[in-house]
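Asker: My questions concern the predicted model and sequence given below.
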Amino acid sequence: MARTFKVLVVGDAMIRGDAFAASAQRILGDRLAGLAAGEWESESGKLQARRLAVEKQGPEIEVVDPVITSEGRDAEILAGLFVPISSKVMDAMPKLRIAGVARAGVENVNVQAATERGILVFNVMGRNAEAVSDFAVGLMLAESRNIARSHMGIKTGTWRKAFSNSDWVPELKGKTVGLVGFGFIGSLVAKKLSGFDVKLLVHDTWVDPQAIRAAGATPVDKDTLFRESDFVSLHARLLPGGAKLVGAAELALMKPTAYLINTARAGLVDEAALVTALKEKRIAGAALDVHSSEPIAPGSEILTLDNVTLTSHIAGTTREALTRSPDLLFGDIARLFTGEAPNGIANPEVLKDPRFQAWLAEVKS
(Lines give C-alpha, C1' and ligand atoms only; values in the text may rest on other atoms or scores of the structure.)
Protein backbone atom coordinates (compact mmCIF):
# COMPACT_ATOMS: atom_id res chain seq x y z
CA MET A 1 0.00 0.00 0.00
CA ALA A 2 1.29 3.46 -0.89
CA ARG A 3 2.41 5.69 1.94
CA THR A 4 2.80 9.44 2.32
CA PHE A 5 6.04 11.40 2.64
CA LYS A 6 7.34 14.79 3.73
CA VAL A 7 8.54 17.44 1.26
CA LEU A 8 10.87 20.33 2.10
CA VAL A 9 11.01 23.29 -0.28
CA VAL A 10 13.66 26.00 -0.08
CA GLY A 11 13.06 29.10 -2.18
CA ASP A 12 15.05 32.25 -2.80
CA ALA A 13 14.66 35.81 -4.06
CA MET A 14 13.78 34.61 -7.54
CA ILE A 15 11.16 31.97 -6.66
CA ARG A 16 9.92 32.11 -3.08
CA GLY A 17 9.43 29.11 -0.87
CA ASP A 18 5.69 29.68 -0.63
CA ALA A 19 5.42 29.38 -4.43
CA PHE A 20 7.15 26.00 -4.29
CA ALA A 21 4.97 24.96 -1.35
CA ALA A 22 1.76 25.89 -3.17
CA SER A 23 2.86 23.89 -6.19
CA ALA A 24 3.79 20.86 -4.10
CA GLN A 25 0.44 20.98 -2.32
CA ARG A 26 -1.47 21.36 -5.57
CA ILE A 27 0.28 18.58 -7.46
CA LEU A 28 1.28 16.03 -4.81
CA GLY A 29 -1.78 16.63 -2.60
CA ASP A 30 -2.79 13.54 -0.63
CA ARG A 31 0.68 12.04 -0.96
CA LEU A 32 2.04 14.59 1.51
CA ALA A 33 2.62 13.59 5.11
CA GLY A 34 4.20 16.97 5.73
CA LEU A 35 5.29 20.09 3.88
CA ALA A 36 7.86 22.60 5.14
CA ALA A 37 9.09 25.73 3.40
CA GLY A 38 11.95 28.15 3.87
CA GLU A 39 14.24 30.56 2.05
CA TRP A 40 17.90 30.14 1.16
CA GLU A 41 18.70 33.73 0.10
CA SER A 42 15.84 36.22 0.04
CA GLU A 43 17.83 39.32 -1.03
CA SER A 44 18.20 39.67 -4.80
CA GLY A 45 21.65 41.27 -4.71
CA LYS A 46 23.11 38.65 -2.41
CA LEU A 47 21.45 35.87 -4.38
CA GLN A 48 23.26 36.90 -7.57
CA ALA A 49 26.65 36.73 -5.87
CA ARG A 50 26.01 33.49 -3.98
CA ARG A 51 24.50 31.60 -6.91
CA LEU A 52 27.37 32.66 -9.18
CA ALA A 53 29.91 31.44 -6.62
CA VAL A 54 28.11 28.10 -6.38
CA GLU A 55 27.98 27.75 -10.16
CA LYS A 56 31.73 28.36 -10.38
CA GLN A 57 32.88 26.31 -7.39
CA GLY A 58 30.07 23.86 -6.69
CA PRO A 59 27.57 23.49 -3.84
CA GLU A 60 30.11 22.23 -1.31
CA ILE A 61 31.32 25.80 -0.68
CA GLU A 62 28.07 26.63 1.14
CA VAL A 63 27.08 25.67 4.67
CA VAL A 64 23.85 23.76 5.26
CA ASP A 65 20.93 26.17 5.44
CA PRO A 66 19.23 26.28 8.88
CA VAL A 67 15.84 25.30 7.45
CA ILE A 68 17.39 22.08 6.18
CA THR A 69 18.91 21.39 9.57
CA SER A 70 15.61 21.99 11.35
CA GLU A 71 13.12 20.53 8.86
CA GLY A 72 15.11 18.16 6.68
CA ARG A 73 15.82 15.19 8.92
CA ASP A 74 12.53 13.44 8.11
CA ALA A 75 11.96 14.90 4.61
CA GLU A 76 12.19 12.56 1.63
CA ILE A 77 11.97 15.16 -1.14
CA LEU A 78 13.90 18.43 -1.29
CA ALA A 79 13.07 21.03 -3.95
CA GLY A 80 14.17 24.56 -4.80
CA LEU A 81 15.79 26.72 -7.43
CA PHE A 82 19.30 27.82 -6.46
CA VAL A 83 19.57 26.27 -2.99
CA PRO A 84 22.93 24.42 -2.80
CA ILE A 85 22.36 20.68 -2.42
CA SER A 86 25.73 19.43 -1.25
CA SER A 87 26.91 16.20 0.31
CA LYS A 88 26.56 17.99 3.67
CA VAL A 89 22.89 18.65 2.92
CA MET A 90 22.41 14.99 2.04
CA ASP A 91 24.08 13.97 5.30
CA ALA A 92 21.62 16.23 7.15
CA MET A 93 18.70 14.57 5.34
CA PRO A 94 19.13 10.82 5.87
CA LYS A 95 15.73 9.97 4.38
CA LEU A 96 16.23 12.04 1.20
CA ARG A 97 15.31 10.17 -2.00
CA ILE A 98 14.56 12.98 -4.47
CA ALA A 99 16.37 16.31 -4.90
CA GLY A 100 14.80 18.63 -7.46
CA VAL A 101 15.80 22.02 -8.88
CA ALA A 102 13.43 24.10 -10.98
CA ARG A 103 16.09 24.97 -13.55
CA ALA A 104 17.91 23.26 -16.39
CA GLY A 105 21.38 23.47 -14.86
CA VAL A 106 22.33 21.31 -11.88
CA GLU A 107 25.47 23.21 -10.91
CA ASN A 108 24.02 23.74 -7.43
CA VAL A 109 23.63 19.98 -6.87
CA ASN A 110 26.39 17.51 -6.07
CA VAL A 111 25.02 14.95 -8.53
CA GLN A 112 27.84 12.49 -7.90
CA ALA A 113 27.17 12.44 -4.16
CA ALA A 114 23.45 12.05 -4.82
CA THR A 115 24.06 9.12 -7.13
CA GLU A 116 26.30 7.41 -4.60
CA ARG A 117 23.51 7.71 -2.02
CA GLY A 118 20.70 6.53 -4.31
CA ILE A 119 19.10 10.00 -4.50
CA LEU A 120 17.35 10.86 -7.77
CA VAL A 121 18.08 14.38 -9.05
CA PHE A 122 15.41 16.21 -11.05
CA ASN A 123 15.91 19.31 -13.17
CA VAL A 124 13.54 21.23 -15.42
CA MET A 125 14.71 21.25 -19.00
CA GLY A 126 13.61 24.20 -21.09
CA ARG A 127 11.77 26.02 -18.30
CA ASN A 128 13.04 29.41 -19.49
CA ALA A 129 13.79 28.50 -23.10
CA GLU A 130 11.13 30.81 -24.53
CA ALA A 131 12.37 33.70 -22.41
CA VAL A 132 16.08 33.25 -23.20
CA SER A 133 15.52 32.65 -26.91
CA ASP A 134 13.44 35.85 -27.12
CA PHE A 135 16.21 37.73 -25.36
CA ALA A 136 18.99 36.35 -27.57
CA VAL A 137 17.23 37.61 -30.69
CA GLY A 138 16.62 40.92 -28.93
CA LEU A 139 20.33 41.27 -28.12
CA MET A 140 21.29 40.66 -31.75
CA LEU A 141 19.12 43.61 -32.74
CA ALA A 142 20.04 45.80 -29.75
CA GLU A 143 23.78 45.51 -30.32
CA SER A 144 23.93 45.61 -34.10
CA ARG A 145 21.36 48.41 -34.44
CA ASN A 146 22.71 50.45 -31.48
CA ILE A 147 19.33 50.52 -29.73
CA ALA A 148 20.64 50.77 -26.17
CA ARG A 149 23.36 53.25 -27.10
CA SER A 150 20.90 55.54 -28.87
CA HIS A 151 18.56 55.37 -25.88
CA MET A 152 21.37 56.21 -23.48
CA GLY A 153 22.45 59.11 -25.66
CA ILE A 154 18.98 60.62 -25.64
CA LYS A 155 18.68 60.15 -21.86
CA THR A 156 21.98 61.98 -21.36
CA GLY A 157 21.23 64.78 -23.80
CA THR A 158 22.93 63.53 -26.98
CA TRP A 159 21.06 62.99 -30.26
CA ARG A 160 23.49 60.33 -31.36
CA LYS A 161 23.89 59.28 -35.01
CA ALA A 162 27.49 58.02 -35.16
CA PHE A 163 28.43 54.62 -33.74
CA SER A 164 31.34 52.21 -33.81
CA ASN A 165 29.67 50.19 -36.58
CA SER A 166 28.15 53.09 -38.52
CA ASP A 167 29.79 51.97 -41.78
CA TRP A 168 28.17 48.51 -41.69
CA VAL A 169 25.02 48.62 -39.55
CA PRO A 170 23.32 45.41 -40.69
CA GLU A 171 19.87 44.12 -41.42
CA LEU A 172 19.28 40.52 -40.36
CA LYS A 173 17.92 39.46 -43.73
CA GLY A 174 20.51 37.50 -45.67
CA LYS A 175 22.96 37.28 -42.77
CA THR A 176 24.47 34.09 -41.38
CA VAL A 177 23.70 33.31 -37.75
CA GLY A 178 25.76 30.65 -35.98
CA LEU A 179 24.23 28.87 -33.00
CA VAL A 180 26.62 27.08 -30.66
CA GLY A 181 24.31 24.61 -28.94
CA PHE A 182 21.00 23.35 -30.30
CA GLY A 183 19.05 22.25 -27.27
CA PHE A 184 15.78 23.77 -26.07
CA ILE A 185 17.02 27.35 -26.34
CA GLY A 186 19.16 27.12 -29.45
CA SER A 187 16.45 25.39 -31.44
CA LEU A 188 13.92 28.05 -30.41
CA VAL A 189 16.31 30.81 -31.49
CA ALA A 190 16.51 29.11 -34.89
CA LYS A 191 12.72 28.96 -35.11
CA LYS A 192 12.31 32.62 -34.16
CA LEU A 193 14.99 33.73 -36.62
CA SER A 194 13.35 31.86 -39.50
CA GLY A 195 11.10 34.84 -40.16
CA PHE A 196 14.13 37.09 -40.65
CA ASP A 197 15.28 35.09 -43.69
CA VAL A 198 18.74 34.31 -42.31
CA LYS A 199 21.09 31.42 -43.02
CA LEU A 200 21.51 29.25 -39.92
CA LEU A 201 24.66 27.34 -38.97
CA VAL A 202 24.73 25.05 -35.92
CA HIS A 203 27.58 23.50 -33.99
CA ASP A 204 26.43 20.87 -31.49
CA THR A 205 28.14 17.49 -31.33
CA TRP A 206 25.37 16.04 -29.15
CA VAL A 207 22.49 16.64 -31.57
CA ASP A 208 21.71 14.44 -34.57
CA PRO A 209 22.72 16.36 -37.71
CA GLN A 210 19.44 15.27 -39.31
CA ALA A 211 17.49 17.05 -36.57
CA ILE A 212 19.52 20.20 -37.25
CA ARG A 213 18.82 19.99 -40.98
CA ALA A 214 15.12 19.36 -40.30
CA ALA A 215 15.05 22.70 -38.44
CA GLY A 216 16.33 24.49 -41.53
CA ALA A 217 19.92 24.82 -40.31
CA THR A 218 23.26 23.43 -41.45
CA PRO A 219 25.45 21.44 -39.04
CA VAL A 220 29.08 22.59 -39.15
CA ASP A 221 32.29 22.32 -37.13
CA LYS A 222 33.11 25.06 -34.66
CA ASP A 223 35.77 26.80 -36.75
CA THR A 224 33.47 27.02 -39.78
CA LEU A 225 30.72 28.51 -37.65
CA PHE A 226 32.98 31.22 -36.21
CA ARG A 227 34.54 31.96 -39.59
CA GLU A 228 31.34 32.28 -41.60
CA SER A 229 28.80 33.74 -39.15
CA ASP A 230 27.72 37.37 -38.98
CA PHE A 231 26.26 36.66 -35.53
CA VAL A 232 27.47 33.94 -33.14
CA SER A 233 25.00 33.13 -30.36
CA LEU A 234 26.02 30.84 -27.49
CA HIS A 235 23.57 28.30 -26.07
CA ALA A 236 25.89 25.68 -24.58
CA ARG A 237 26.72 24.47 -21.09
CA LEU A 238 30.04 24.97 -19.33
CA LEU A 239 32.86 22.76 -20.56
CA PRO A 240 34.55 20.23 -18.23
CA GLY A 241 37.42 21.68 -16.24
CA GLY A 242 36.44 25.26 -16.97
CA ALA A 243 37.79 25.22 -20.53
CA LYS A 244 36.72 28.20 -22.65
CA LEU A 245 34.52 27.63 -25.67
CA VAL A 246 35.38 31.06 -27.04
CA GLY A 247 38.93 32.31 -26.69
CA ALA A 248 41.40 34.36 -28.71
CA ALA A 249 41.58 31.68 -31.43
CA GLU A 250 37.81 31.64 -32.02
CA LEU A 251 37.54 35.43 -31.90
CA ALA A 252 40.35 35.67 -34.47
CA LEU A 253 38.27 33.55 -36.85
CA MET A 254 35.31 35.94 -36.72
CA LYS A 255 34.65 38.60 -39.35
CA PRO A 256 35.43 42.20 -38.30
CA THR A 257 31.74 42.90 -38.94
CA ALA A 258 30.48 40.01 -36.77
CA TYR A 259 28.85 40.03 -33.33
CA LEU A 260 29.08 37.65 -30.36
CA ILE A 261 25.94 37.07 -28.25
CA ASN A 262 26.10 35.26 -24.90
CA THR A 263 22.97 34.48 -22.90
CA ALA A 264 24.32 31.12 -21.70
CA ARG A 265 27.25 31.06 -19.25
CA ALA A 266 29.97 33.65 -18.67
CA GLY A 267 32.52 30.87 -18.25
CA LEU A 268 32.18 29.92 -21.91
CA VAL A 269 34.06 33.05 -22.98
CA ASP A 270 37.59 34.22 -22.23
CA GLU A 271 36.61 37.69 -21.08
CA ALA A 272 40.10 39.19 -21.40
CA ALA A 273 40.37 37.96 -24.99
CA LEU A 274 36.92 39.35 -25.77
CA VAL A 275 37.76 42.76 -24.30
CA THR A 276 40.91 42.88 -26.41
CA ALA A 277 39.00 41.92 -29.57
CA LEU A 278 36.40 44.61 -28.91
CA LYS A 279 38.97 47.29 -28.07
CA GLU A 280 40.91 46.57 -31.24
CA LYS A 281 37.68 46.20 -33.25
CA ARG A 282 38.62 42.76 -34.48
CA ILE A 283 34.89 42.06 -34.21
CA ALA A 284 32.04 44.55 -34.54
CA GLY A 285 30.53 44.05 -31.14
CA ALA A 286 29.18 41.78 -28.42
CA ALA A 287 26.06 41.51 -26.29
CA LEU A 288 26.37 39.81 -22.91
CA ASP A 289 23.74 38.90 -20.33
CA VAL A 290 26.14 36.80 -18.23
CA HIS A 291 29.33 38.03 -16.62
CA SER A 292 32.31 36.61 -14.74
CA SER A 293 31.48 38.92 -11.84
CA GLU A 294 27.91 39.91 -11.05
CA PRO A 295 27.42 42.80 -10.56
CA ILE A 296 30.22 43.86 -12.88
CA ALA A 297 33.01 45.54 -10.92
CA PRO A 298 32.92 49.35 -11.32
CA GLY A 299 36.48 49.44 -12.66
CA SER A 300 36.00 46.70 -15.24
CA GLU A 301 37.43 47.61 -18.63
CA ILE A 302 34.39 46.21 -20.39
CA LEU A 303 32.34 49.13 -19.03
CA THR A 304 34.48 51.56 -21.04
CA LEU A 305 33.75 49.98 -24.42
CA ASP A 306 31.29 51.46 -26.90
CA ASN A 307 30.72 48.29 -28.92
CA VAL A 308 29.18 46.04 -26.28
CA THR A 309 25.65 45.77 -24.90
CA LEU A 310 25.49 44.61 -21.28
CA THR A 311 22.43 43.38 -19.38
CA SER A 312 22.12 42.23 -15.78
CA HIS A 313 21.53 38.46 -16.19
CA ILE A 314 17.82 38.89 -16.94
CA ALA A 315 17.37 36.77 -20.08
CA GLY A 316 15.42 34.03 -18.31
CA THR A 317 13.42 36.09 -15.84
CA THR A 318 10.02 36.51 -17.42
CA ARG A 319 6.89 36.14 -15.36
CA GLU A 320 5.94 32.99 -17.24
CA ALA A 321 9.34 31.32 -16.84
CA LEU A 322 9.38 31.87 -13.09
CA THR A 323 5.77 31.02 -12.28
CA ARG A 324 5.67 27.82 -14.31
CA SER A 325 8.91 26.36 -12.96
CA PRO A 326 7.71 24.82 -9.65
CA ASP A 327 4.72 23.22 -11.40
CA LEU A 328 7.00 21.77 -14.07
CA LEU A 329 9.28 20.33 -11.40
CA PHE A 330 6.60 18.77 -9.20
CA GLY A 331 4.61 17.66 -12.23
CA ASP A 332 7.64 15.74 -13.44
CA ILE A 333 8.25 14.23 -10.00
CA ALA A 334 4.59 13.14 -9.89
CA ARG A 335 5.13 11.13 -13.08
CA LEU A 336 7.19 8.68 -11.07
CA PHE A 337 4.21 7.82 -8.92
CA THR A 338 1.87 7.19 -11.84
CA GLY A 339 4.25 5.03 -13.83
CA GLU A 340 5.06 7.64 -16.48
CA ALA A 341 8.60 8.47 -17.59
CA PRO A 342 9.84 11.80 -16.15
CA ASN A 343 11.31 14.36 -18.54
CA GLY A 344 14.20 15.73 -16.50
CA ILE A 345 16.44 13.38 -14.52
CA ALA A 346 20.13 14.24 -14.16
CA ASN A 347 21.25 10.80 -12.90
CA PRO A 348 18.90 8.17 -14.43
CA GLU A 349 21.13 5.34 -13.22
CA VAL A 350 19.59 5.86 -9.76
CA LEU A 351 16.31 4.47 -11.13
CA LYS A 352 18.02 1.05 -10.98
CA ASP A 353 19.46 1.55 -7.50
CA PRO A 354 17.86 -1.01 -5.12
CA ARG A 355 17.54 1.64 -2.37
CA PHE A 356 15.61 3.97 -4.62
CA GLN A 357 13.52 1.17 -6.11
CA ALA A 358 12.48 0.01 -2.63
CA TRP A 359 11.49 3.54 -1.65
CA LEU A 360 9.54 4.10 -4.86
CA ALA A 361 7.65 0.83 -4.38
CA GLU A 362 6.51 2.07 -0.95
CA VAL A 363 5.22 5.45 -2.11
CA LYS A 364 3.98 4.55 -5.58
CA SER A 365 0.26 4.02 -6.07
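Answerer: Ah, there it is. Numbering: from 1, shown residues only.

Asker: what's next to the helix or strand bottoming out on mean pLDDT in the chain, contact-wise?
Answerer: Every helix and strand in the chain was compared by mean pLDDT, DSSP states H and E; the lowest is helix 44-57, with a mean of 89. Residues from elsewhere that reach helix 44-57 (Cβ atoms under 8 Å, 6 or more residues apart in numbering): 12-14, 41, 61-62, 82, 84, 105, 107-108, 265, 267, 293-295, 313. (Glycine included, C-beta is placed from N, CA and C.)

Asker: Kindly recompute the last result at 7 Å.
Answerer: Helix 44-57 has contacts (Cβ atoms under 7 Å, 6 or more residues apart in numbering) with Asp12, Ala13, Met14, Glu41, Ile61, Glu62, Phe82, Pro84, Glu107, Asn108, Glu294, His313.

Asker: Pretty sure Leu239 sits against Ala264.
Answerer: No - at 11.3 Å, Leu239 does not count as touching Ala264 under the criterion of Cβ atoms under 7 Å.

Asker: which one of those two has more residues nearby?
Answerer: Of the pair Leu239 and Ala264, Ala264 is the one with more neighbours under other Cβ atoms under 10 Å, namely 25 against 12.

Asker: Show me where the stretch 251-365 of the chain has its helices.
Answerer: Per DSSP state H, counting those that start in this stretch, the stretch 251-365 of the chain carries helices over the ranges 271-279, 319-337, 354-363.

Asker: Tell me if Ala162 really is in a strand.
Answerer: No - Ala162 is assigned coil when assessed by DSSP: H, G, I helix; E, B strand; the rest coil, not a strand.

Asker: domain ranges for the chain?
Answerer: The chain breaks down into these domains under automatic domain parsing: 5-127+318-363, 129-310.

Asker: First-to-last residue distance for the first one?
Answerer: Translated: domain 5-127+318-363. Distance between the boundary residues of domain 5-127+318-363 (Cα to Cα, to the nearest Å) amounts to 8 Å.

Asker: quick thing: my sequence starts at 5, can you match it?
Answerer: Renumbered: residue one is now 5, and that last one reads domain 9-131+322-367.

Asker: low-confidence ranges in the stretch 5-154 of the chain?
Answerer: Applying pLDDT under 70 to the stretch 5-154 of the chain flags the ranges 5.

Asker: Apply 50 and report the result again.
Answerer: Low-confidence segments of the stretch 5-154 of the chain, defined by pLDDT under 50, are absent.

Asker: ranges for the helices of it?
Answerer: Using DSSP H, counting those that start in this stretch, the helices of the stretch 5-154 of the chain run over 21-32, 48-61, 70-75, 91-96, 115-120, 133-148, 151-159.

Asker: Quick one: residues contacting Trp163.
Answerer: The contact partners of Trp163, by Cβ under 7 Å, 6+ apart, come to Gly157.

Asker: and what of Ile349?
Answerer: Leu124, Val125, Phe126.

Asker: distance of it from Ser91?
Answerer: According to Cβ to Cβ, to the nearest Å, Ile349 stands 19 Å off from Ser91.

Asker: same thing with Leu257?
Answerer: 41 Å.

Asker: go on, Val181?
Answerer: In terms of Cβ to Cβ, Val181 sits 42 Å off from Ser91.

Asker: So the two - more neighbours on which side?
Answerer: Val181 (26 against 15).

Asker: Does the more buried one belong to a helix, a strand or coil?
Answerer: Put simply, Val181 is strand when judged by three-state DSSP.

Asker: Which strand residues bridge Asn127?
Answerer: Note on Asn127: beta-bridge partners Val105, judged by DSSP bridges.

Asker: In this structure it contacts Glu111, no?
Answerer: No - contact between Asn127 and Glu111 fails when scored by Cβ under 7 Å: they sit 10.2 Å apart.

Asker: Could you check how far stretch 46-66 is from the centre of its chain?
Answerer: Centroid displacement of stretch 46-66 relative to its chain, using Cα atoms, centre = their mean, to the nearest Å, is 14 Å.

Asker: rewinding a little: which stretch among the helices of the stretch 255-369 of the chain comes nearest Gln214?
Answerer: helix 323-341 (27.5 Å; Cβ to Cβ).

Asker: The closest residue to Met144 other than its chain neighbours and Leu282, how far apart?
Answerer: Excluding the flanking residues, the one nearest Met144 by Cβ to Cβ, 6 or more residues apart in numbering is Phe235, at 5.3 Å. Distance of Phe235 to Leu282, computed by Cβ to Cβ: 15 Å.
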